[in-house]
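Participant: just the structure for this:
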Amino acid sequence: MRNFLADQVVELKPSGIRKFFDIVSEMKDAISLGVGEPDFDTPWHIRDEGIYSLEKGRTFYTSNSGLKELRQEICAYMKRKYNVTYDAMSQVLITVGGSEAIDMGLRAMINPGVGEEVLIPQPSYVSYEPCAILAGAKPVIINLKAENEFRLTAEELEAAITDKTKILVLPYPNNPTGAIMEKSDLEAIAEVIIKHDIFVMSDEIYAELTYKEKHVSIASLPGMAERTLVINGFSKAYAMTGWRLGYACGPADIIRQMTKIHQFAIMCAPTTSQYAAVEALKKGDADIEEMRTAYNQRRRYLMNAFKEMGLECFEPYGAFYVFPCIKEFGMTSEEFATRFLQEEKVAVVPGTAFGDCGEGFLRISYAYSLENLKVAIGRLQRFVEKLRSEKA
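Facilitator: Residues are numbered from 1 along each chain as shown. From the prediction side, this is the model:
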């Protein structure tokens, strides 16, 4: 029998995050700091709205684009928070999580087989490169540097652009590093983007989780709204991971093509989740602030703990991850994470899960209780001391 599998799918590497998640799920007394999922429950008033929608029998399909009321609330939110104006009827699409929006956005813009390039700064979320490949693009990796706090510089962007470059993925606030781009950083790269007439896919799923200054969307800069697809969702800011709801905002012609793909592949996002999301946008600011305050406390605890144990780590100001450097131990990230899990029963993710330039780093999520973090950090300190004594 002939091979019925698609080569480009077979050749994709599985997610490096899931490997350690699956191992730790089988270990007794293990602590996982490996998954980027809030430990908070979805706030009750949001859950109540979802329950009420079911009680009212709202179990029908919505339009392909999503509930009109939800799209209107997203437009109001984007204007209120980031000073970007969108039309609810033509420039917003409700998706099954932000990940679907990434996939559809690339497929709507890439012409397969002609060598169009998608620039992907790394370390970054694991989906960008595979989605670019599946869309028929050539992924071009920009290796970010710790000395720049893993920000994308205008010089790095300029050096990566060719006549085949079509899209830049802009993943800030960043998973896995926690890096942010400030307004001045965005203004510098916006000049390069406009100069070379390329498009931006700005993944802003962690936009509400910043600890230095408020997030600035690149779409808010002059000349950028018409060349930016903003991707966001409800998983991180509102602790709604299992509700599977995201959205894309951008130029009407791109949203129209994305909606066509969505129409044939998915039909529409979950109806119950959409009603709950309307409530989240209307009345969820206080919930966000409460969770952000807790995350910031955990972030500061981890940074202080690393300082005390002498573990190098730049200070991240976004998302809920830290990205400490473990190069002093002469081990690969995979070796360190594997041995740490085996000997101390704590799961972290090797930096290489997010790109080759993540070698020598670990991603540690602080989307976990302070109590769990304290136990895990105690084990990390013990492990680090053991490694240093072995090296000595």
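
Participant: how about stretch 263-276: buried residues?
Facilitator: For stretch 263-276, the neighbour count (16 or more other C-beta atoms under 10 Å) marks 268-276 as buried. Bear in mind the C-beta positions are built from the backbone N, C-alpha and C, glycine included.

Participant: in helices only, show me those.
Facilitator: Among the buried residues of stretch 263-276, DSSP state H puts 271-276 in helices.

Participant: now distance to residue 143 and pLDDT too, for those residues, in JSON lines please.
Facilitator: Putting these into JSON lines (distance: C-beta to C-beta, whole Å; pLDDT from 0 to 100) gives the following:
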{"residue": "271", "distance to residue 143": "42", "pLDDT": "98"}
{"residue": "272", "distance to residue 143": "42", "pLDDT": "98"}
{"residue": "273", "distance to residue 143": "37", "pLDDT": "98"}
{"residue": "274", "distance to residue 143": "39", "pLDDT": "98"}
{"residue": "275", "distance to residue 143": "43", "pLDDT": "98"}
{"residue": "276", "distance to residue 143": "39", "pLDDT": "98"}
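
Participant: need those in a markdown table (columns: distance to residue 354).
Facilitator: Formatted as a markdown table, these follow (distance: C-beta to C-beta, whole Å):
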| residue | distance to residue 354 |
| --- | --- |
| 271 | 34 |
| 272 | 32 |
| 273 | 28 |
| 274 | 31 |
| 275 | 34 |
| 276 | 30 |
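
Participant: of those residues, closest to residue 6?
Facilitator: Nearest to residue 6 out of those is residue 273 (C-beta to C-beta; 30.5 Å).

Participant: if I look at the closest one, how far off is residue 285?
Facilitator: 19 Å (C-beta to C-beta, to the nearest Å).

Participant: all strands of the chain, in order?
Facilitator: For the chain, strands defined by DSSP state E occupy the ranges 31-32, 92-95, 117-122, 138-143, 165-170, 199-203, 228-233, 246-249, 321-322, 346-347, 349-350, 362-365.

Participant: deepest of those strands, which one?
Facilitator: Of all the strands of the chain, strand 349-350 has the most neighbours on average by mean count of other C-beta atoms under 10 Å, namely a mean of 29.

Participant: packing partners of it?
Facilitator: Of the remaining helices and strands, those touching strand 349-350 by 3 or more C-beta pairs under 8 Å, 6 or more residues apart in numbering; DSSP states H and E are helix 16-24, helix 333-344, strand 362-365.

Participant: how about residue 184, what does it touch?
Facilitator: Contact analysis of residue 184 by C-beta atoms under 8 Å, 6 or more residues apart in numbering lists nothing.

Participant: returning to what we had before: could I get the helices and strands packed on strand 349-350 in CSV, plus columns for distance to residue 249 and mean pLDDT?
Facilitator: Below are these laid out as CSV (distance: least, C-beta to C-beta, whole Å; pLDDT from 0 to 100):
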stretch, distance to residue 249, mean pLDDT
helix 16-24, 27, 71
helix 333-344, 35, 95
strand 362-365, 27, 97
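
Participant: hey, which of the ones you listed is tucked in deepest?
Facilitator: Across those, averaging neighbours per residue (mean count of other C-beta under 10 Å) puts strand 362-365 on top, at a mean of 26.

Participant: could I get the CA-only coordinates of that one as PDB?
Facilitator: What follows is strand 362-365, C-alpha atoms only, in PDB (Å, rounded to 0.1, in the frame of the first residue of the first chain):
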ATOM      1  CA  LEU A 362      14.800  27.400  30.400                       C
ATOM      2  CA  ARG A 363      11.200  28.600  30.300                       C
ATOM      3  CA  ILE A 364       9.700  28.700  33.700                       C
ATOM      4  CA  SER A 365       6.000  29.700  33.900                       C
END
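
Participant: give me the domain ranges for this protein.
Facilitator: Per automatic domain parsing, the structural domains of the chain span 7-42+286-384, 44-283.

Participant: need the ones you listed in TSV (columns: distance to residue 1).
Facilitator: TSV is the format used below for the domains of the chain (distance: least, C-beta to C-beta, whole Å):
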stretch	distance to residue 1
domain 7-42+286-384	16
domain 44-283	25
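
Participant: what's near enough to touch residue 93?
Facilitator: Per C-beta under 8 Å, 6+ apart, neighbours of residue 93: 65-66, 101, 104, 247-248, 255, 258-259, 262.
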